[in-house]
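K.L.:
One predicted model, sequence on top.
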Amino acid sequence: GAVVSQHPSWVICKSGTSVKIECRSLDFQATTMFWYRQFPKQSLMLMATSNEGSKATYEQGVEKDKFLINHASLTLSTLTVTSAHPEDSSFYICSAIPGGLVDGYTFGSGTRLTVV
Amino acid sequence: GDSVTQMEGPVTLSEEACLTINCTYTATGYPSLFWYVQYPGEGLQLLLKATKADDKGSNKGFEATYRKETTSFHLEKGSVQVSDSAVYFCALRGKAAGNKLTFGGGTRVLVKP
């Protein structure tokens, strides 16, 4: 079946540094990918929709300059947390839909980001 | 806008007990409805889905029926196992929302041997 690979699975970084998270569709092309943020014991919050070859669409309240999204190819989207602060610590999850598979959302395994 | 409300956890059960997690939704038209499961430290896995009224989704002993009249999609399992311990999310894709998913708050289930 369709697989979305997300790396790294966990990362610890210092305040003020930037962290890049990769989301790859392994056996299908994904023109659209979704990035979510999940706080401990809470639900998933959609941050942005990543579109291949164009700018991402950010949800209201999400800082586009802080959470940079690049979707340069049909199999790779990246989320860069710039100038990270402790409040950015969270679980980040990406998702994609294999082409032609209606409602076939496939999720990555998530990235646990801890900013110290 | 679209919204999903599901019962808060944690829900603690003994093995072989019955499980029901309530989920109700608000959306225009006929959304697609989903249940996802998340094991500790992992992403989400699709458990089951239903795309139209009266459809029943089922998988791994779990079932949920799309009830348009009560705008509900309750998750049920007749006999849970320890391995069912996880967080369960109800979600919908509204017809006017493109491909965006709206999630409920999640329900943590703990099954004790």
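P.N.:
Perfect, thanks for sending it. Computed from a predicted structure; not experimentally measured.
K.L.:
distance of B:T28 from chain A?
P.N.:
According to Cβ to the nearest Cβ, to the nearest Å, B:T28 and chain A sit 17 Å apart. C-beta coordinates here come from the backbone N, C-alpha and C atoms, glycine included.
K.L.:
Kindly provide the distance from that residue to B:Y66.
P.N.:
According to Cβ to Cβ, to the nearest Å, B:T28 and B:Y66 sit 16 Å apart.
K.L.:
does the spatially most central residue of chain A have beta-bridge partners, and which?
P.N.:
Centre of chain A computed as the mean C-alpha position; nearest residue by Cα atoms, centre = their mean is A:W35, 3.7 Å away. For A:W35, the beta-bridge partners are A:A48, A:C94 (DSSP bridges).
K.L.:
Run through the residues that contact it.
P.N.:
Counting by Cβ atoms under 8 Å, 6 or more residues apart in numbering or on different chains, A:W35 touches A:23, A:46-50, A:67, A:69, A:77, A:79, A:92-95.
K.L.:
Which pLDDT value does the model give it?
P.N.:
As summarised for this prediction, A:W35 has a pLDDT of 96.
K.L.:
sorry, back to before: of B:T28 and B:Y66, who's got more company?
P.N.:
The residue with more neighbours, out of B:T28 and B:Y66, is B:Y66; 21 against 11, by other Cβ atoms under 10 Å in any protein chain shown.
K.L.:
For the chain, which segments count as strands?
P.N.:
As the question left the chain open, I've gone with chain A. A:4-7, A:10-13, A:19-25, A:32-38, A:44-51, A:57-58, A:67-73, A:76-81, A:90-96, A:106-107, A:111-115 (DSSP state E).
K.L.:
try chain B instead
P.N.:
For chain B, applying DSSP E gives strands covering B:3-6, B:11-14, B:19-21, B:23-26, B:32-38, B:44-50, B:56-59, B:62-65, B:75-77, B:86-93, B:102-103, B:107-112.
K.L.:
Show me which residues of chain B sit near chain A.
P.N.:
Proximity of chain B to chain A (Cβ under 8 Å from any Cβ of the partner chain) is limited to residues B:32, B:34, B:36, B:41-46, B:49, B:51, B:89, B:93, B:99-101, B:103-106, B:108.
K.L.:
Show me which of the residues you listed are buried.
P.N.:
B:32, B:34, B:36, B:42-44, B:46, B:49, B:89, B:93, B:101, B:103-106 (16 or more other Cβ atoms under 10 Å in any protein chain shown).
K.L.:
Low-confidence stretches in chain B?
P.N.:
In the predicted model of chain B, residues B:97 satisfy pLDDT under 70.
K.L.:
cool, chain A as well?
P.N.:
Applying pLDDT under 70 to chain A flags residues A:100-101.
K.L.:
So which residues on it come close to chain B?
P.N.:
A:4, A:6, A:9, A:32, A:34, A:41-44, A:46, A:49, A:93, A:95, A:97, A:102-103, A:105, A:107-110, A:112.
K.L.:
make it 6 Å
P.N.:
Contact residues (Cβ under 6 Å from any Cβ of the partner chain) of chain A with chain B: A:43-44, A:93, A:103, A:107-110.
K.L.:
Can you select the buried ones from these in ChimeraX?
P.N.:
With 16+ other Cβ under 10 Å as the criterion, this ChimeraX line picks the buried residues out of these:
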select /A:43,44,93,107,108,109,110
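K.L.:
can you count the residues close to the residue nearest to A:F39 when sequence neighbours are not counted?
P.N.:
Nearest non-adjacent residue to A:F39, counting by Cβ to Cβ, 6 or more residues apart in numbering or on different chains: A:S90, 5.8 Å away. Using other Cβ under 10 Å, A:S90 is surrounded by 21 other residues.
K.L.:
Thank you, goodbye.
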